[in-house]
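Novice: got a predicted structure here, sequence first:
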Amino acid sequence: MSSAEERYVVVVNDEEQYSIWFAERRLPAGWATAGRTGTKQECLAHIEEVWTDLTPRSARVSAESAVAEGALR
């Protein structure tokens, strides 16, 4: 199968970071499918469309907590 014909799946981890993975391979630990399968270009285009904030989830939650604590004081 040529690289143009390979199928990929969009994956996401607990930090809400996205990547692509070969569709026929078992997912690595810590990653889950994000509901999109296609060519490499299609999957990368989808990630570009949906992953608009590259900040890891834990950093966003921490910043939101700090803001909320400041508002409560």
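Specialist: In hand now; what should we look at?
Novice: do me a favour and average the pLDDT over whichever strand or helix holds Val9.
Specialist: Assessed by DSSP states H and E, Val9 sits inside strand 8-13. Strand 8-13 carries an average pLDDT of 98.
Novice: again with stretch 43-54
Specialist: Averaging pLDDT along stretch 43-54 gives 96.
Novice: what residues does it touch?
Specialist: Residues outside stretch 43-54 that contact it (C-beta atoms under 8 Å, 6 or more residues apart in numbering): 8-10, 17-20, 34, 36-38, 60. All C-beta atoms are positioned from the backbone trio N, CA, C, and that covers glycine.
Novice: can you give me the strands in this protein?
Specialist: In the chain, strands defined by DSSP state E lie at 8-13, 18-22, 31-38, listed in chain order.
Novice: quick one: closest of these to Gly70.
Specialist: strand 8-13 (29.2 Å; C-beta to C-beta).
Novice: quick check: angle from that closest one to strand 31-38?
Specialist: On the basis of axes from the mean of the first three to the mean of the last three C-alpha atoms, to 10 degrees, strand 8-13 is oriented at 150 degrees to strand 31-38.
Novice: what residues of strand 8-13 count as buried?
Specialist: Residues 8-13 are the ones in strand 8-13 that count as buried (16 or more other C-beta atoms under 10 Å).
Novice: swap in stretch 46-60?
Specialist: For stretch 46-60, by 16+ other C-beta under 10 Å, it's 46-47.
Novice: that one: how far from the chain's middle?
Specialist: Centre-to-centre, stretch 46-60 and its host chain are 7 Å apart (C-alpha atoms, centre = their mean, to the nearest Å).
Novice: what does the pLDDT read for Arg57?
Specialist: 89.
Novice: the residue nearest to it when sequence neighbours are not counted and Asp53, how far apart?
Specialist: Closest residue in space to Arg57, ignoring its immediate chain neighbours: Glu16 at 4.4 Å, by C-beta to C-beta, 6 or more residues apart in numbering. Between Glu16 and Asp53 the computed distance is 8 Å (C-beta to C-beta, to the nearest Å).
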